[in-house]
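1. What shape does this take:
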Amino acid sequence: MTKKIVFLLIGLFLLTTVAEAQQTKRQAKKAAKLSAKAQNAQRARAIFDEAYDKVFGEQGSSLTYNVNIIGLYKTAGNIVFKGKKSHFTDSKVDSYNDGVTAYMCYRKKKVVEIHNANSDKKDKHSGKFKFELSDFDYSMESEDGLTMIKLKQRKSAKGTIKEVKAYLNPKTLDPVKLRIKVAFFWTTVKISNFKSGGISDAVFKFPRDKYWDYEFEDKR
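-> Residues are numbered from 1 along each chain as shown. You can find the predicted model right below:
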């Protein structure tokens, strides 16, 4: 009887040891998976920040864009950035923003609207695309030969943008395409002719003489 009890205890000990080993192995796999996910997120954020700075940094950038909002709104043009300054031209509007004042020049109506630089009223679409970089969880993967950085909005965030997919040249990190989800629809922005650096502040100065025959409306 004593031997049976001893064998039983040894058997229970072995089963417990195997179960604990399996549990430890599962926990290790889970920890490794979480670690890999965390490393991916960290790497994705670092790459996105580098690409973001190439576009919006103080060195400035220029590009050609083509926007398609679920086929309902399409536009294309050229834009120049430098910090908080911008200048863009599309089929209908010329815009000059020196970081303090924004001028929206509507060629068909021959009207120049003057706005504060950060006002959403200067563009009916600008208010729809607001977000903070800290509002998102980041991840990255390769797609169609490009580096795709995914930004997924956290539940606590209040911005209008729910998800962003930024497609970058894997060698230069130049932007190639953006997919932006606002509410339940996606906007696609294709980017070409991208250049970072060498942007003069003169680009953002409003050339009043060019619009001498326009009507001016101060919206500030």
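2. sec struct for the residue sitting nearest the centre point of the chain, please.
-> The centroid of the chain falls nearest to Val164 when counting by Cα atoms, centre = their mean (5.4 Å). Under DSSP: H, G, I helix; E, B strand; the rest coil, Val164 falls in the strand class.
3. how much space is there between it and Ser200?
-> With distances taken as Cβ to Cβ, to the nearest Å, Val164 is found 30 Å from Ser200. Where you see a C-beta, it was placed from the backbone N, CA and C, and this is true even at glycine.
4. residue ranges of the strands in this protein, please?
-> Ranges of strands in the chain, per DSSP state E, are 61-69, 73-82, 85-90, 93-97, 101-106, 111-116, 136-143, 146-153, 161-168, 175-182, 185-196, 215-218.
5. Include distance to Ala38 when you put the ones you listed into CSV, please.
-> Output for those, formatted as CSV (distance: least, Cβ to Cβ, whole Å):
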stretch, distance to Ala38
strand 61-69, 31
strand 73-82, 32
strand 85-90, 35
strand 93-97, 38
strand 101-106, 40
strand 111-116, 41
strand 136-143, 10
strand 146-153, 15
strand 161-168, 20
strand 175-182, 24
strand 185-196, 28
strand 215-218, 51
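6. Nearest to Ala46, out of the ones you listed?
-> Evaluated with Cβ to Cβ, the strands of the chain place strand 136-143 nearest to Ala46, the distance being 9.0 Å.
7. List the buried residues of that closest one.
-> Buried residues in strand 136-143, counting neighbours by 16 or more other Cβ atoms under 10 Å, are found at Phe136, Tyr138, Ser139, Met140.
8. residues touching the third one, list them.
-> For Ser139, the contacting residues are Lys37, Asn40, Ala41, Ala44, Ile149, Lys150, Lys152, by Cβ atoms under 8 Å, 6 or more residues apart in numbering.
9. that older thread, what's the spacing between the residue nearest to the centre of the chain and Arg208?
-> Using Cβ to Cβ, we find Val164 at a distance of 37 Å from Arg208.
10. ok, now Gly57?
-> From Gly57 to Arg208 the distance is 29 Å (Cβ to Cβ).
11. what bridges to Ala166?
-> Ile149, Leu178 (DSSP bridges).
12. Hmm, I typed the wrong one, I wanted Asp90.
-> For Asp90, the beta-bridge partners under DSSP bridges are Gly77.
13. who touches it in this structure?
-> Per Cβ under 8 Å, 6+ apart, neighbours of Asp90: Thr75, Ala76, Gly77.
14. Against Lys54, how distant is the first one?
-> In this case it means Thr75. The value you get for Thr75 to Lys54, if Cβ to Cβ is used, is 23 Å.
15. Of these two, which one has the most company?
-> More crowded of Thr75 and Lys54, by other Cβ atoms under 10 Å: Lys54, with 20 against 14.
16. Please look at that one and Leu168 and confirm they touch.
-> No: counting by Cβ atoms under 8 Å, Lys54 sits too far from Leu168 to count as a contact (9.4 Å).
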